[in-house]
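Chemist: I need the structure of the sequence given here:
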Amino acid sequence: AVVAGVASQKVSVATNYVGTVLPLDLPCSLSLSSKDDFGLLWSYDNNGTTSASCGWQFNATRNTASCYYLNNTGDGNNCWLFSPALNFPAAGTYQIVLNGGFTAVAQAFKVAVGQAASIAGMTQVVAESLEIVKNANYVGADTEPVQFTVAAPGVYYIGIMSNALTESGGYFYLNRVDVTMQAAAPLFSPEAGTVVPGTKVAITSATDGANIYYTLDESVPTTASVEYDQPIELTGDMTIKAIAVADGYLESEVATAVYTVKKIAVPGQLYIFGIVDEADWNPAEAVEMTKTGNEFVYVGRVGSVGGFAFTEVMSSDWNTVDAARWGAAEGESRDVVLDREIALAYGSRTAFKLDDGYYEFKVVFSDYKVNMMVTAKNDPGRIEGVMTDEAADAEYFNLQGVRVFEPAAGNIYIVRRGSVVTKEIFK
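Modeler: Next up, the predicted model:
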């Protein structure tokens, strides 16, 4: 909802409209600062006023303020002044602020909107009695803002009528009319509804240059809320409320999107495949992981190429496997970092890379996310701590087979290293 009383933004436009293509685009600030402005774009209907001195007239010499003014000598009521043609680009909320003043007491005016610059064309009254304050210096003051809605886009005119002049001989002068439109309400993509975990919601506004502010706690957003700068990832059920704010525009209506995130079902089985357990990216040779509750574990070797992925279905048909595949989530690297949770995404065909070695692979399912962790393990097929014959300690024996603990240089000995026996000259 638009907050009443929001000050109108002033948008600079040329003060002389000669050559301007009508209708004028909103938002704009309509100046009455020269005779040409009034004569070419503004129009009036003094509604049968008999005195030439009554009704709307232009004066460019009232102190330093050029303006169009209304002279009331007893016959100045019901005189209409009409704005140039204005392009209202959409159905919605708009705002008008007048700038002007009276030479004596404050007075009130009727303000209307219509699709023809005539008394009969003013079909929608937006202010029955808008007060203009006393201001004898002809520099003008802003009225309270008046907000209204139009049901459809199109060309409209603003009408200002003197319906209650009470001071004979008083002068009302008008310097400027500001017409402001409401910023387009934010749009969400994807639209509200049921989505998969990890879905990212983008927020936009059709108003150029608009800044968007949003909340996730169902409170009404303001310009003090979080400013939108990147898509919002849905990690669970979420309500997003947003507004659009732009210079020269009224604050947009609050847009709301309610998302229900599907919970992830724990599959009955999960397979690891790739360069795993001597297989070579043959999905029919995928290895079933051990399931405990919502966790799946496999301990084994990854080959020299080091690629692997997961699937809920073991099949020789790649399309079937890919349709049930779990791979790297968006933003995750293919290169595995050991002992770190790595996000998986369903349907992702991005496989992981890992150095040749023996590892534990653990995949954990929760309501809204699936994570993998890889930990290095000792390979039970490789015996640790056994020396080769070349590395074994040498044992020396004389030629009669008696062990010699302190061999002498230049003598010949029988030398045993592990299972290897040689005859050598000790040096």
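
Chemist: pLDDT below threshold where in the stretch 201-350 of the chain?
Modeler: For the stretch 201-350 of the chain, residues meeting the criterion pLDDT under 70 lie at 304-306.

Chemist: can you give me the helices in it?
Modeler: Secondary structure of the stretch 201-350 of the chain (DSSP state H, counting those that start in this stretch): helices at 318-323.

Chemist: In this model residue 110 seems to touch residue 128, though I could be wrong.
Modeler: Yes - in this structure, residue 128 is within contact of residue 110 by Cβ atoms under 8 Å, at 5.9 Å. From N, CA and C alone the C-beta is placed, and that goes for glycine too.

Chemist: Who has more neighbours out of the two?
Modeler: Set residue 128 next to residue 110 and count neighbours by other Cβ atoms under 10 Å: residue 110 wins out with 19 against 12.

Chemist: so that one touches residue 130, yeah?
Modeler: Yes - if you go by Cβ under 8 Å, residue 110 and residue 130 touch, sitting 7.4 Å apart.

Chemist: can you give me the strands for the stretch 201-350 of the chain?
Modeler: Taking DSSP state E, counting those that start in this stretch as the test, the strands found in the stretch 201-350 of the chain are 211-215, 226-227, 232-233, 238-245, 249-250, 255-261, 271-274, 287-288, 290-292, 295-302, 307-311, 325-328, 342-346.

Chemist: Columns distance to residue 25 and mean neighbour count on top of the ones you listed, output as CSV?
Modeler: Listed next are these as CSV, based on distance: least, Cβ to Cβ, whole Å; neighbours: other Cβ atoms under 10 Å:
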stretch, distance to residue 25, mean neighbour count
strand 211-215, 21, 20
strand 226-227, 27, 12
strand 232-233, 32, 16
strand 238-245, 18, 22
strand 249-250, 12, 24
strand 255-261, 24, 17
strand 271-274, 59, 24
strand 287-288, 66, 14
strand 290-292, 64, 12
strand 295-302, 60, 18
strand 307-311, 54, 23
strand 325-328, 48, 22
strand 342-346, 45, 19
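
Chemist: So which of those strands is nearest residue 149?
Modeler: The minimum distance between residue 149 and the strands of the stretch 201-350 of the chain falls on strand 249-250, with 11.5 Å, by Cβ to Cβ.

Chemist: do you know how far residue 410 is from residue 425?
Modeler: 7 Å (Cβ to Cβ, to the nearest Å).

Chemist: ok now do the residue nearest to residue 89 when sequence neighbours are not counted, which residues does it touch?
Modeler: Spatial nearest neighbour of residue 89, chain neighbours left out: residue 153 (5.5 Å); criterion: Cβ to Cβ, 6 or more residues apart in numbering. Contact partners of residue 153, counting by Cβ atoms under 8 Å, 6 or more residues apart in numbering, are 88-91.

Chemist: now do 6 Å
Modeler: 88-90 (Cβ atoms under 6 Å, 6 or more residues apart in numbering).

Chemist: Identify, from those, the entry nearest to residue 257.
Modeler: Of all the contacts of residue 153, residue 90 has the smallest distance to residue 257: 20.2 Å, by Cβ to Cβ.

Chemist: The closest one is in what secondary structure piece?
Modeler: Secondary structure assigned from DSSP states H and E places residue 90 in neither a helix nor a strand.

Chemist: Can you redo the strands of the stretch 201-350 of the chain as TSV, where the extra columns are distance to residue 177?
Modeler: Compiled in TSV, those are given as follows (distance: least, Cβ to Cβ, whole Å):
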stretch	distance to residue 177
strand 211-215	27
strand 226-227	32
strand 232-233	40
strand 238-245	23
strand 249-250	16
strand 255-261	30
strand 271-274	71
strand 287-288	76
strand 290-292	73
strand 295-302	69
strand 307-311	66
strand 325-328	59
strand 342-346	55
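
Chemist: looking at those, which is closest to residue 375?
Modeler: Residue 375 lies closest to strand 295-302 among those, at 9.2 Å (Cβ to Cβ).

Chemist: the inter-axis angle of the closest one versus strand 307-311?
Modeler: Angle between the axes of strand 295-302 and strand 307-311 is 150 degrees (criterion: axes from the mean of the first three to the mean of the last three Cα atoms, to 10 degrees).

Chemist: which other helices and strands contact strand 295-302?
Modeler: Using 3 or more Cβ pairs under 6 Å, 6 or more residues apart in numbering; DSSP states H and E, the elements in contact with strand 295-302 are strand 357-365.

Chemist: Next, the angle strand 342-346 makes with the strand it packs on.
Modeler: The directions of strand 357-365 and strand 342-346 differ by 60 degrees, with the same axes, to 10 degrees as the criterion.

Chemist: tell me, what residue is most central in this protein?
Modeler: In the chain, the residue lying closest to the centroid (Cα atoms, centre = their mean) is residue 203, at 3.9 Å.

Chemist: Go ahead and confirm that residue touches residue 228.
Modeler: Yes - between residue 203 and residue 228 there is a contact at 5.1 Å, judged by Cβ atoms under 6 Å.
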